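**Student:** A structural model of the following input is requested.
(chains A and B)
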Amino acid sequence: MKRVILIGNSHAASIRLGLKAMAEQVAQRIEMHYFVASSPVFSRLGFDGSTFGALPGTALSNTERSFLVRMNGTDTVDLEDFDEILLVGMFWAGGNEIIPFLRSFAIDRLYETDHSQRLTEPAFAEMLKGCFRADRIESVWTNLRRPKLTLLLRPMPIALVRRLRANQILRESSWSSADIDYRRMRQVLEVQKNLAYRFYSDLGINLMHQPDVTLAPSGLTRNRYCRDQVDKVEGPGGKIDVGHMNEAFGAICLAVYLDQIAPKAADQ
Amino acid sequence: MYESPYHNLPSRAFWRTGVTERVGPSSADFYSPHFKVDGSMKIATAGSCFAQHVGRALRDAGFQVVDAEPPPPLVPEDVFRNYGFGLYSARYGNIYTARQLLQLWREANGSFVPAVPVWERDGRYYDAQRPTIEVGGFESPESVHRHRAPHLAAVRRAFKEADIFVFTFGLTETWCHATTGTVYPTCPGIIAGAFAPDVFSFKNLSFAEVYADFLSFRTLLMEENPIVKFVLTVSPVPLTATATQSHVEVANAYSKSVLRAVCGQLVTDFENVDYFPSYELITSQKNAARFYSTNLREVTEEGVKIAMNTFLEAHGGQPRTRGRLKSRPAGRRSIKEVAASPDLVCEEALLEAFQK
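**Tutor:** This is a model prediction of the structure:
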């Protein structure tokens, strides 16, 4: 049975909740472990070729370190003990780097809007690839000797974001903009997805797309997968977290992941 | 008995004290601005390739450099610069001559249409007025025009909102459309297009022509933007090649002399025009070509730094202390900053799901 470690930031929460809901199925196919941290802490963790986490010299406050241990039972983990890594929520390919394009640029054929700046499709593609490279994922995660790495990027915000004002949104408020043409952006997101897939494949990383079933026609996540109640925003001063998803979302992602790394016997 | 007119002049007025005995490549009295440039002013930049350094240094020093066509945030600089972003106040690429500058402004305002605006190479199409702006060219001539229209609107915005217009004169030699006089930044056939001697001709602009071109530009811009002031420089980067019959070094001397003389005349004639002597600083005998790289053409980082620090010190800006030029337009954040921000308060989601 494959030993899998889920490493991630707050977006790993939905996967964990999904796992609780389908614990039995999962346990029949893989052995799942975790190592999670908030994004600010995560960006300071290191990897020495086998061990990942708060390596000696990592600058963490006592609160941050105790939170890390509280979450994981340890502040480091030996990745050589695992067959697979599912890295969740980190890195921004498939995420926010697309927003400035959508807000300020028309893109030939892909995104015909009345924005004051215009890009060709090849220029758009090169710039996106530049964004992927800027993440420097390879500086840490392609030095792995043993486990195979699957990357699940953070989810698209929920579709409700189109109707919200920025001050009604707890996180990801930059997705709320009158400058984004939500009706036309799906094609842009598809190009982005395909480019990201090729980029990560070249680095030996399996990029797992957000499952189609979780996406609304716009390319945003369907409202029902939101971690928050979507009517939360209706109260006075109400804000909603449009970026973090719930147990149902996590279960769908986990099911897709399982099918990729440990197909059921009948499927093999 | 009268004293000599030279009697009470400062040390900078004499070669021995101003140059021979000067300590260091530049000095505080090398440049005395006619008017101050400060952080509250919006600065537009254009010119030959040396002008890119000017824009970057000003931005790094905290000046407000206008960018009417900013790159998408998070795209690395080495990528967006390939597409002409972040070089100048709009994506017009290098503008080597005052005639090209005048032409661009007239085109942006609808009073000029360039001849042969699209060049072809290997089935791809290039904007003849900025042929390096799209790596690999555009897919069709229509696409060139479709992209040029918003660019011209950006040029209008950039130039009209500028308090200071910094222009670096680069060349007097240019290639033009023989019938209409349209000039191009490069010779047809080098990046794209085809050189046809009956269509295109060589032109080496004279003092009178360069002066008249810049004067026309100044007049037209001030009709739209009456408060604008001009800071002029001459690029210390020599000609790559000359199409005159002269030796390239002789042709270079002619070209830079004309440009320098035009700047001098403009400063004499107009209160809202200043000249910054980066050319003199880089080419000074005192500095004995030390600010040129091994090809004796490109200016080194050190040279750029010293020139721009001289400018910044004269205007009360913060001189650059780093050896390497870096630039990030105002308001842009690093990918790490953006990556971290949305999850700053997400511990509760983790706690809820992972608590042991």
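
**Student:** ok, now which ones touch residue 75?
**Tutor:** I'll assume chain A. With contact set as CB atoms under 8 Å, 6 or more residues apart in numbering or on different chains, A:D75 has these partners: A:G53, A:A54, A:R65, A:L68, A:V69. To be clear about C-beta, it is placed using only N, CA and C from the backbone, and glycine gets the same treatment.

**Student:** Correction: the question concerned chain B.
**Tutor:** Residues near B:V75 by CB under 8 Å, 6+ apart: A:E97, A:M127, A:G130, A:C131, A:A134, B:F85.

**Student:** Looking at neighbours, which among those is most surrounded?
**Tutor:** Counting neighbours by other CB atoms under 10 Å in any protein chain shown, A:C131 comes out on top of the contacts of B:V75 with 27 neighbours.

**Student:** Please report phi then psi for it.
**Tutor:** Phi and psi for A:C131, reported as degrees, to the nearest 10, are phi -60, psi -40.

**Student:** Assign the residue nearest to it when sequence neighbours are not counted to helix, strand or coil.
**Tutor:** Distance criterion CB to CB, 6 or more residues apart in numbering or on different chains; nearest residue to A:C131, sequence neighbours excluded, is A:E97 at 4.1 Å. Put simply, A:E97 is helix when judged by DSSP: H, G, I helix; E, B strand; the rest coil.

**Student:** Surely A:E97 and A:R133 touch.
**Tutor:** No: applying CB atoms under 8 Å, one finds A:E97 not in contact with A:R133, separated by 11.2 Å.

**Student:** so where's the stretch 151-300 of chain B uncertain?
**Tutor:** The model of the stretch 151-300 of chain B has no residue with pLDDT under 70.

**Student:** just the helices in it please.
**Tutor:** Assigned by DSSP state H, counting those that start in this stretch, the stretch 151-300 of chain B shows helices spanning B:207-224, B:248-269, B:278-283.

**Student:** For the first one, buried residues please.
**Tutor:** Okay, so that is helix B:207-224. Buried residues in helix B:207-224, defined by neighbour count with 16 or more other CB atoms under 10 Å in any protein chain shown: B:E209, B:V210, B:Y211, B:A212, B:D213, B:F214, B:L215, B:S216, B:F217, B:R218, B:L220, B:L221.

**Student:** got it, and stretch B:142-149?
**Tutor:** Buried residues in stretch B:142-149, defined by neighbour count with 16+ other CB under 10 Å: B:S143, B:V144, B:H147, B:R148.

**Student:** cool, stretch A:56-67 as well?
**Tutor:** By 16+ other CB under 10 Å, the buried positions in stretch A:56-67 come out as A:T58, A:L60, A:E64, A:F67.

**Student:** what's the answer for stretch B:297-306, then?
**Tutor:** Across stretch B:297-306, burial judged by 16+ other CB under 10 Å covers B:V299, B:G303, B:V304, B:K305, B:I306.

**Student:** Is the second one located within a helix, as I assumed?
**Tutor:** Okay, so that is B:G303. Yes: remark: B:G303 belongs to a helix, assigned using three-state DSSP.

**Student:** any idea how far it lies from chain A?
**Tutor:** Distance, B:G303 to chain A, by CB to the nearest CB, to the nearest Å: 29 Å.

**Student:** for that residue, what are its contacts?
**Tutor:** Residues counted as contacts of B:G303 (CB under 8 Å, 6+ apart) are B:P236, B:L281, B:I282, B:N287, B:R290, B:F291, B:Y292.

**Student:** Now render those residues as TSV, adding distance to B:V183.
**Tutor:** Below are these laid out as TSV (distance: CB to CB, whole Å):
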residue	distance to B:V183
B:P236	22
B:L281	29
B:I282	26
B:N287	33
B:R290	34
B:F291	30
B:Y292	28
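
**Student:** Make a PyMOL selection of whichever of those residues turn out to be buried.
**Tutor:** Buried members of the contacts of B:G303 can be picked out in PyMOL with the line below, counting by 16+ other CB under 10 Å:
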select buried, chain B and resi 236+281+282+287+291+292
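
**Student:** Nice, that's everything, thank you.
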